[in-house]
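> quick one, what's the 3D model for this:
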Amino acid sequence: MMIVRPVRTSDLPAIERMAVASGIGVTSLPNNRDKLYERIRQSVTAFEHEATAETGTEYYMFVLEADGEVVGTASINASAGFDEPFYSYRSETFVHASRPLKVHNRIHVLNMCHDLTGMVQLAGFYVDPAHAARAGELLSRARLLFVAAERERFGRRVIAEMQGIHDDAGQSPFWNAIGRRFFNMDFLQVEQAFVSHSKTFIAELMPSYPIYVPLLEDEAQNAIGQIHPAFEQPFRLLTREGFEADNYIDIFDGGAVLTAELDRLHTLEHSCDCPVGVTASLPASANLRLVSNRRVSQFKAALARVAVVEGVAYINPDSARLLDVVDGDTLRLTDLHDPAQKSL
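Coordinates of the predicted model:
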């Protein structure tokens, strides 16, 4: 059985293993024990706090358990760049025209900005490749069920950075064309600097003037807005939710930054609360759905067979124990994206 729950400090060894396995470029899951422990502690504190007027700066980390083993993790940053600006490149078009020469050129440029500072950020997604695609949907969307149930904790807009193109040796064509020229550091070195130091070094060293894309090498131009093959699954899950690759890219590897209106995401629009009914004999109408309890620090989400009859969500005793609910409690539930997955 698979379950998504809040991270615990005892999960640190498993989170460390996943940070190593996630490879290069996932700065939201750093291969740094102290930083990982700090984020776990931040998450534990966030889940323990009640929503207040000051809510909105917390970091929530979830883990995916399969038969008691932690095999995945995903996070929500309630306010990206709360402590420091969240830098990205904004993709724009400049027009260069000369009436006497009858020249009118539209030039693609990149401007460093912090437009996305303060937005909700989905981050730190990783699932052990040995597990099925269904595990990825459960993990990715479970955190959105939490958002739907705890809406007052989060803002209006949401972003998700996709890892950009780089090779196994850590060479990023986008970074080599721009960042390396100003930092004199390779991609692996700057990733460690990003994890270990204040992010003010970005503003201190990166060019503040527009980057004219046609002046970059072809390989770097082709990497703009592209997604590393390892991120194809989270990209598909998020675009099904309603995320779009807008006008922003990652400042380091040029990967796409997806954006959306939080309330327009599929899971938020098409989920609802229902009282629980526990029965050993589910009606024939039962099918597989994504469900969660309505707790905060004891939040749990899973895939379970559910039959909604006259407004009551009926589940079997095994699912009730997994979700830690009893008759009369409330479930948050939604359908799966892929109808083919509706049977176990």
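
> got phi/psi on the closest residue to residue 270 other than its chain neighbours?
Spatially, and ignoring its direct neighbours in sequence, residue 270 is nearest to residue 334 (5.5 Å; C-beta to C-beta, 6 or more residues apart in numbering). Where you see a C-beta, it was placed from the backbone N, CA and C, and this is true even at glycine. Note on residue 334: backbone dihedrals following degrees, to the nearest 10 are phi -150, psi 160.

> my guess is residue 334 contacts residue 271. True?
Yes. With contacts counted by C-beta atoms under 8 Å, residue 334 reaches residue 271, the gap being 3.9 Å.

> quick check: neighbours shared by those two?
residue 145 (C-beta atoms under 8 Å, 6 or more residues apart in numbering).

> ranges for the helices of this structure?
In the chain, the segments counted as helices under DSSP state H are 12-22, 33-48, 133-149, 173-177, 179-183, 187-196, 200-205, 218-223, 232-241, 266-269, 317-323.

> name the helices or strands packed onto the shortest one?
Other elements packing on helix 266-269 under the criterion 3 or more C-beta pairs under 8 Å, 6 or more residues apart in numbering; DSSP states H and E are helix 133-149, helix 232-241.

> what about 6 Å?
With contacts defined as 3 or more C-beta pairs under 6 Å, 6 or more residues apart in numbering; DSSP states H and E, the packing partners of helix 266-269 are helix 133-149.

> which parts of the helix it packs on are buried?
Within helix 133-149, the residues scored as buried using 16 or more other C-beta atoms under 10 Å are 134-149.

> if you average the pLDDT over that helix, what comes out?
The pLDDT scores in helix 133-149 average 93.

> can I get the CA coordinates of stretch 266-286 in PDB?
Presented in PDB, the C-alpha positions along stretch 266-286 are these (Å, rounded to 0.1, in the frame of the first residue of the first chain):
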ATOM      1  CA  HIS A 266      -7.600  20.600 -11.800                       C
ATOM      2  CA  THR A 267      -7.200  19.000  -8.300                       C
ATOM      3  CA  LEU A 268      -8.500  22.200  -6.600                       C
ATOM      4  CA  GLU A 269     -11.400  22.700  -9.000                       C
ATOM      5  CA  HIS A 270     -12.500  19.000  -9.100                       C
ATOM      6  CA  SER A 271     -12.100  17.900  -5.500                       C
ATOM      7  CA  CYS A 272     -14.700  17.900  -2.700                       C
ATOM      8  CA  ASP A 273     -15.200  17.000   0.900                       C
ATOM      9  CA  CYS A 274     -17.500  14.000   1.800                       C
ATOM     10  CA  PRO A 275     -18.300  12.300   5.000                       C
ATOM     11  CA  VAL A 276     -16.800   8.900   5.400                       C
ATOM     12  CA  GLY A 277     -18.700   5.600   5.500                       C
ATOM     13  CA  VAL A 278     -16.700   2.500   6.300                       C
ATOM     14  CA  THR A 279     -18.100  -0.800   4.900                       C
ATOM     15  CA  ALA A 280     -16.600  -4.200   4.100                       C
ATOM     16  CA  SER A 281     -18.900  -4.500   1.100                       C
ATOM     17  CA  LEU A 282     -18.300  -1.600  -1.300                       C
ATOM     18  CA  PRO A 283     -21.100  -0.900  -3.900                       C
ATOM     19  CA  ALA A 284     -20.400  -1.900  -7.500                       C
ATOM     20  CA  SER A 285     -20.000   1.800  -8.400                       C
ATOM     21  CA  ALA A 286     -16.700   2.000  -6.400                       C
END
